[in-house]
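[1] coords please:
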Amino acid sequence: MIKAKIRTAKITVEWWNKQRNRILTGIIGGTLLAILWFVSYGINNMTVFLLGLFTGIVINVLSWSQGLNSLNRIAGSETPIKTSTKQMLAVCILIILCIVTIGYSASIYGLGAIYAFISGVAFTSWGGYLQIAYWEKKNRKTLVAHGFCKPTVTAINSEV
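    Residues are numbered from 1 along each chain as shown. Sure thing, here's the model as predicted:
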């Protein structure tokens, strides 16, 4: 019988390694941009801004349970979950489709209306952070991410 040494890597939890903090930095930047666009364009196009706000709320409500299921899958896995190439490709295709849609809509409605709509949607982006904060508190775990372009996410028990 062969005995093998098993190394267990100690996961260091620093501010940037927490998944919620990585998401928080992006949301803060997006919110500042949304405030800038709202002040510039949204005040003049209040109905379009409110339509964007309503659309963002509907998207957050409809994707809430899917996001929690994804977090439960990460926590239930023995090995860290890596972002696959297929997922990265799907995100790139989604971004390209959004750019094409925005460009087409801007030619019809004008760029000011598009900025007002995007600022309304961006104000609801806090749902992703709140979802992770809720899940971590409920399950008493912390999501830790390593890597930048294709992060590996692991759930560990919280000290608090």
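[2] Check which element follows the strand or helix carrying I108 along the chain.
    Here I108, judged by DSSP states H and E, is contained in helix 85-109. Counting by DSSP H and E, the next helix or strand C-terminal to helix 85-109 is helix 111-123.
[3] contacts for that next one?
    30-31, 33-35, 37-38, 40-42, 44-46, 48-56, 59, 102, 105-106 (CB atoms under 8 Å, 6 or more residues apart in numbering). (C-beta placed from N, C-alpha, C; glycine too.)
[4] If any of the residues you listed are buried, put those into a ChimeraX selection.
    To isolate the buried subset of the contacts of helix 111-123 in ChimeraX, counting by 16 or more other CB atoms under 10 Å, use the following:
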select :30,34,37,38,41,42,45,48,49,51,52,53,56
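[5] Please flag which of the contacts of helix 111-123 sit within helices.
    30-31, 33-35, 37, 46, 48-56, 59, 102, 105-106 (DSSP state H).
[6] got a list of what the residue nearest the centre of the chain touches?
    Centroid-nearest residue in the chain: G128, 5.2 Å away (criterion: CA atoms, centre = their mean). Residues in contact with G128 (CB under 8 Å, 6+ apart) are 23, 27, 60, 67.
[7] let's go with 10 Å and repeat that
    20, 23-24, 26-27, 60, 63-64, 67 (CB atoms under 10 Å, 6 or more residues apart in numbering).
[8] Can I get these in TSV including distance to F123, pLDDT and neighbour count?
    Output for the contacts of G128, formatted as TSV (distance: CB to CB, whole Å; pLDDT from 0 to 100; neighbours: other CB atoms under 10 Å):
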residue	distance to F123	pLDDT	neighbour count
R20	19	79	18
I23	16	83	19
L24	15	87	16
G26	14	86	12
I27	10	88	19
N60	11	88	18
S63	16	85	14
W64	17	85	15
G67	18	81	16
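[9] Tell me the one of the residues you listed nearest E14?
    R20 (12.9 Å; CB to CB).
[10] Find the nearest non-adjacent residue to the closest one, please.
    Computed as CB to CB, 6 or more residues apart in numbering, the closest residue to R20 that is not its neighbour in sequence is I132, at 4.5 Å.
[11] Against A34, how distant is that neighbour?
    Using CB to CB, to the nearest Å, we find I132 at a distance of 20 Å from A34.
[12] What is whatever helix or strand L143 lives in packed up against?
    Using DSSP H and E, L143 sits within strand 141-146. In terms of contacts (3 or more CB pairs under 10 Å, 6 or more residues apart in numbering; DSSP states H and E), strand 141-146 is packed against helix 19-37, helix 46-76, strand 81-82, helix 126-139, strand 152-157.
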